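Visitor: everything below, folded, please.
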Amino acid sequence: MITITSLTKRYGPFTAVDEVSFTAAAGRVTGFLGPNGAGKSTTLRVLAGLAAPTSGSATVLGARYADLPNPGLEVGVLLDASAQHGGRTGRETLVLAQRTMGLPAARVDESLELVGLTPAEARRRVRDYSLGMRQRLGIATALLGDPRVLVLDEPANGLDPAGIRWMRDLLRTFADDGGTVLLSSHLLAEIEMIADDIVMIGSGRVVAQGTKDELLRGAGTLVRADDVVAAGAALAAAGHQVTPSGDAVLTDADPATAGRVMFAAGLPVTELRASDGAGLEDMFLELTAATARDASSPATPAMTGAAA
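Guide: I've put the predicted structure just below:
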């Protein structure tokens, strides 16, 4: 079980994570989604004890990561496969982790076999690994201690289609065996295939969360209007939930009800349609349209790293 409660992380005047709360339950895969700079990686770094929260808390199995007596036996973490020491071999990387955790030496070969790294590949320097091989080595390290929880940030980066399928099957089996998986990814189709629960974040705040089926089934109605603020206010005044989405709003009202509210308020609409049945990609783009980083706008380097 992972519990994030009112988590806030600031870097000077910049708020990377703003009052984020969610849980990742045992036996389930929780997809953690958001555009670049939304605060996903910052949240995971706080969870893994690599950054201190400004306020709020992030716990694993009821404790802070830093307070676990031997964290690798409880939580497997992969945040950046490219950060591995390039001068060590793959085997040396695992042996160091195995000795640090006090595990039997046999766990190294077991983990290498689990992730599909051959003995010859394990003898190569990490600097000579492809990104996909580094991902496999990072996952081997995360699984080395036979943990109950996995925290993975973009683990499918660099994997070919066969590798992505392997990753999906591995995580599904882990969760089906009672483990907790928190998975950050930009591969929306993969998240849609594997996730049981989804948390979407934009500009450091949660914009949607729930089971995958609930979110996709209950996406509600998209209302686009010239005066989107007034449209949202009219819907809210009528007792409906409203989520801004760029030049539109998403509401829990059905299309007919939303249309009547707009008519009663004297507000012309340019688009009114049901979002039911929309894929995860459509829902993601609608919910994060107002908070996605504009690719044409240069980002401040320090903030780019902080808020990823």
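
Visitor: what mean pLDDT would you report for whichever strand or helix holds Phe263?
Guide: Secondary structure assignment for Phe263, by DSSP states H and E: helix 255-265. In this model, helix 255-265 has a mean pLDDT of 92.

Visitor: quick one: buried residues of the next helix or strand after it?
Guide: Counting by DSSP H and E, the next helix or strand C-terminal to helix 255-265 is strand 269-274. Buried residues in strand 269-274, counted by 16 or more other CB atoms under 10 Å: 269, 272. C-beta coordinates here come from the backbone N, C-alpha and C atoms, glycine included.

Visitor: contacts for strand 269-274?
Guide: In this structure, residues lying in contact with strand 269-274 by CB atoms under 8 Å, 6 or more residues apart in numbering are 220-226, 231, 248, 254-255, 258-259, 262.

Visitor: 6 Å instead, please
Guide: Applying CB atoms under 6 Å, 6 or more residues apart in numbering, the contact partners of strand 269-274 are 221-225, 255, 259, 262.

Visitor: how about those residues, which pair is most distant?
Guide: Ala225 and Pro255 (13.7 Å; CB to CB).

Visitor: out of these two, which sits in the busier spot?
Guide: Ala225 (21 against 17; other CB atoms under 10 Å).

Visitor: roughly how far does the more buried one sit from Ala122?
Guide: 59 Å (CB to CB, to the nearest Å).

Visitor: ok, Gly72 next?
Guide: Taken as CB to CB, the span from Gly72 to Ala122 is 19 Å.

Visitor: assign a three-state SS to Val77, would you?
Guide: Here Val77 takes the strand state, with states given by DSSP: H, G, I helix; E, B strand; the rest coil.

Visitor: tell me which residues touch it, please.
Guide: By CB under 6 Å, 6+ apart, the residues touching Val77 are 48, 142, 151.

Visitor: what's around Asp213, how many residues?
Guide: Asp213: 11 surrounding residues under other CB under 10 Å.

Visitor: do the same with Gly37
Guide: Gly37 sits with 22 neighbouring residues when counted by other CB under 10 Å.

Visitor: which element, helix or strand, includes Ala189?
Guide: Using DSSP H and E, Ala189 falls within helix 188-194.

Visitor: who touches that helix?
Guide: Residues contacting helix 188-194 (CB under 6 Å, 6+ apart): 29, 31, 168, 172, 185, 280-281, 284.

Visitor: bridged to Thr180, which residues?
Guide: The residues listed as beta-bridge partners of Thr180 by DSSP bridges are Val149.

Visitor: hmm, it is touching Ala26, no?
Guide: Yes: Thr180 is within contact range of Ala26, at 4.9 Å (criterion: CB atoms under 6 Å).

Visitor: more neighbours: the two, which one.
Guide: Thr180 (24 against 14).

Visitor: contacts only, for that one.
Guide: By CB under 6 Å, 6+ apart, the neighbours of Thr180 are 24, 26, 149.

Visitor: residue ranges of each domain in the protein, please.
Guide: 2-211, 220-274 (automatic domain parsing).

Visitor: quick check: end-to-end length of the last one?
Guide: Looking back up the chat, that one is domain 220-274. 6 Å (CA to CA, to the nearest Å).

Visitor: one more: stretch 140-159?
Guide: Termini of stretch 140-159 sit 15 Å apart (CA to CA).

Visitor: residues in contact with it?
Guide: Applying CB under 6 Å, 6+ apart, the set of residues contacting stretch 140-159 is 41, 44, 60, 72-79, 97, 101, 107, 111, 115, 131-132, 135, 164, 167, 179-185, 187.

Visitor: pLDDT of that stretch, averaged?
Guide: For stretch 140-159, mean pLDDT is 92.

Visitor: so what's Ser55 bridging to?
Guide: Here Ser55, judged by DSSP bridges, has bridge partners Thr8.

Visitor: in this structure it contacts Arg10, no?
Guide: No: here Ser55 lies out of contact with Arg10, judged by CB under 6 Å, at a distance of 8.8 Å.

Visitor: settle it for me: which of the two has more neighbours?
Guide: Higher neighbour count among Ser55 and Arg10: Arg10, with 15 against 12, using other CB under 10 Å.

Visitor: now do the helices in the stretch 201-308 of the chain.
Guide: 212-217, 228-237, 255-265, 280-288, 301-307 (DSSP state H, counting those that start in this stretch).

Visitor: tell me which residues in the third one are buried?
Guide: Neighbour counts over helix 255-265 (16+ other CB under 10 Å) mark 255, 258, 261-262, 265 as buried.
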